[in-house]
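[1] no sequence on this one, just coordinates:
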Ligand SMILES: [Zn+2]
């Protein structure tokens, strides 16, 4: 059974919030469109979990995307979360991809990791893009449309996506953050912990107290093993890690795989191409196909279909 769910939680006695996400049906959908080497699958799964977690924390309605560009065998990887619940993603690679590493601990579910991020992406970076949707942006601006998207750059200096994103949040957003991912049996689980900004009017004592609380939570979180994260239900996991710190867990929110591409859109794209080009493709390949660049879905058109696109209502002439 698919369980694509995100839970938000907050510590009742500390200014720290968290999110937990588990995706499996979304990953199955992704693999229907494109088969990936195991290491690429894990990377893309982590990126999907990351955008789900980031999208949950933003105030506007829109899309959060994470895209890599590098000199390594994975030339690009993209994950996007729209409206906090619709996910899509794709990766492209060239040449040989190093095998994913299996990590095993006694009595725990084995997890797969891609090893070093640099082995996949090479010299590179990731862009985080936040794109507000049209209507909402207009509401927020009181009539003035503001469609500006925000772009942040994640430098890839550490071996894992989690460590690089932690550094991004700490440096670019000034939000101390811990992030964990575990991939097992084609399921990704992600956990994010973030310290909320201390109010400006907080006293020195309050500030210090909050520092101590964050350090405590950070140390407890560091004991988390990938096998536990991959396997345990969220309630059990949080109880096991933070049993001395009361927290409130929100009900889960469902996520699903969804792309904005469609057969109709692909047809409109074909219509915009020179007819001779289509005829040549039909001649050489027997059909024309359009592959979506953000989810990998393939739309195929044979001679009859392409004829109908160009001259709807008329029978094909052979
Ligand atoms: Zn698509």
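    Everything's here; your move. The shown structure was predicted, so the numbers you read here are calculated from the model rather than taken from an experiment. Numbers count the residues shown, from 1 in each chain.

[2] Give the next helix or strand downstream of the helix or strand bottoming out on mean pLDDT in the chain.
    Lowest by mean pLDDT, DSSP states H and E among the helices and strands of the chain is helix 134-140, with a mean of 53. The helix or strand immediately downstream of helix 134-140 is strand 150-155, counting by DSSP states H and E.

[3] so residue 267 touches residue 309, yeah?
    Yes. Here residue 267 reaches residue 309: they are 5.1 Å apart, a contact under Cβ atoms under 8 Å. Heads up, the C-betas are built off the backbone N, CA and C, glycines and all.

[4] Give me the nearest residue to residue 28, chain neighbours excluded.
    Among residues not flanking residue 28 along the chain, residue 186 sits closest, at 6.8 Å (Cβ to Cβ, 6 or more residues apart in numbering).

[5] Could you do residue 271 as well?
    residue 309 (5.8 Å).

[6] what is the mean pLDDT for whichever strand or helix holds residue 68?
    When elements are assigned from DSSP H and E, residue 68 belongs to strand 62-70. Average pLDDT, strand 62-70: 95.

[7] Check which helices and strands whichever helix or strand comes after that strand sits against.
    Moving toward the C-terminus from strand 62-70, the first helix or strand encountered (DSSP H and E) is strand 74-82. On a contact count with 3 or more Cβ pairs under 8 Å, 6 or more residues apart in numbering; DSSP states H and E, strand 74-82 meets helix 38-56, strand 62-70, strand 86-93, helix 117-121.

[8] just how off-centre is the first one within its chain?
    This points to helix 38-56. 4 Å (Cα atoms, centre = their mean, to the nearest Å).

[9] ok, the closest residue to the ion within the stretch 1-150 of the chain - how many residues close by?
    Using Cβ to the ion, the single residue of the stretch 1-150 of the chain nearest to the ion is residue 88, 6.3 Å away. Residue 88 has 27 neighbours, counted by other Cβ atoms under 10 Å.

[10] If we go by neighbour counts, what in stretch 159-179 is buried?
    Neighbour-count burial for stretch 159-179, counted by 16 or more other Cβ atoms under 10 Å, picks out 160-162, 164-169, 175-179.
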